[in-house]
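Visitor: Sequence and predicted model, in that order:
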Amino acid sequence: MAGIIESSPAHQNFLRYDIRVTIKFSVISGKDASCIHKDLVTVLGENAPSIQMVRKWIKAVSDSEGRDDMEDEPCPGRPVTACGDGNISKVLVSLSDDRRKTCEEISTETSMSRMSVFRVLANKLNKKSFQNGFHIC
C-alpha cells in the first residue's frame, strides 16, 4: 500500500495551501491533531507536515484566532527586485551586443550589482556557464 501512495502523483502536487485547507476541514469535522497528522502521513508520506506544524495550524484555524485565509502572509521587509522583469531585460540588452561579457562589464553597463547580474544570468536566464560556477564576476 505504501508503494501505491509514494508513486501517486497526486501527493506531489499538494501545496501548503492544500494541507492547510485539509487541516481546517478536519478541525471542523472534529478530528484531533494526532488523527489529522496520521491522515496526512498516510496520504503524503515523508512530505507531510510535522505534528507541531499541524498543531500550529489547528490553533490558527480554531475559533480563538479565527484565521480564514490559508494563503501565506507576505514576508515583512523590502521585496526582492533583483530578478525583476526590468533587470532581466537590461541584462538581455547588454548581452545582445556581446555574449561574452563578464558580470563586471554587465554590472557597469546596467548599473546593477555584480551579484544581481549573476542571479539574473544563473537563475532566470539559465546560463549554464554561470550555473556551473564558470563565470568571471
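Guide: On my side now, so go ahead. Numbering: from 1, shown residues only.
Visitor: Only C-alpha atoms from now on, for both contacts and neighbour counts.
Guide: Noted.
Visitor: quick one: the strands in the chain?
Guide: For the chain, no strands are identified by DSSP state E.
Visitor: can you list the domain ranges for it.
Guide: 2-61, 85-131 (automatic domain parsing).
Visitor: Name the helix or strand of the protein that has the lowest mean pLDDT.
Guide: Between all helices and strands in the chain, the lowest mean by mean pLDDT, DSSP states H and E belongs to helix 2-7, at a mean of 42.
Visitor: Is it correct that Ile88 is in contact with Val120?
Guide: Yes - using CA atoms under 8 Å, Ile88 is in contact with Val120, at 6.2 Å.
Visitor: the helices in the protein, which residues?
Guide: 2-7, 16-28, 33-44, 51-61, 85-97, 103-110, 114-119, 128-131 (DSSP state H).
Visitor: Just want the angle from the fifth one to helix 103-110.
Guide: Between the direction of helix 85-97 and that of helix 103-110, the angle (axes from the mean of the first three to the mean of the last three CA atoms, to 10 degrees) works out to 110 degrees.
Visitor: Give the buried residues for helix 85-97.
Guide: Asn87, Ile88, Lys90, Val91, Leu92, Ser94 (16 or more other CA atoms under 10 Å).
Visitor: Lys38: which of those residues is nearest?
Guide: Using CA to CA, Ile88 comes nearest to Lys38 of those, at 44.9 Å.
Visitor: residues in contact with the closest residue to Ile106 other than its chain neighbours?
Guide: With CA to CA, 6 or more residues apart in numbering as the criterion, Ile106 has its nearest non-adjacent residue at 6.3 Å, and that residue is Ser94. Counting by CA atoms under 8 Å, 6 or more residues apart in numbering, Ser94 touches Ile106, Glu109, Thr110.
Visitor: now do 10 Å
Guide: By CA atoms under 10 Å, 6 or more residues apart in numbering, Ser94 lies in contact with Ile88, Lys101, Glu105, Ile106, Ser107, Glu109, Thr110.
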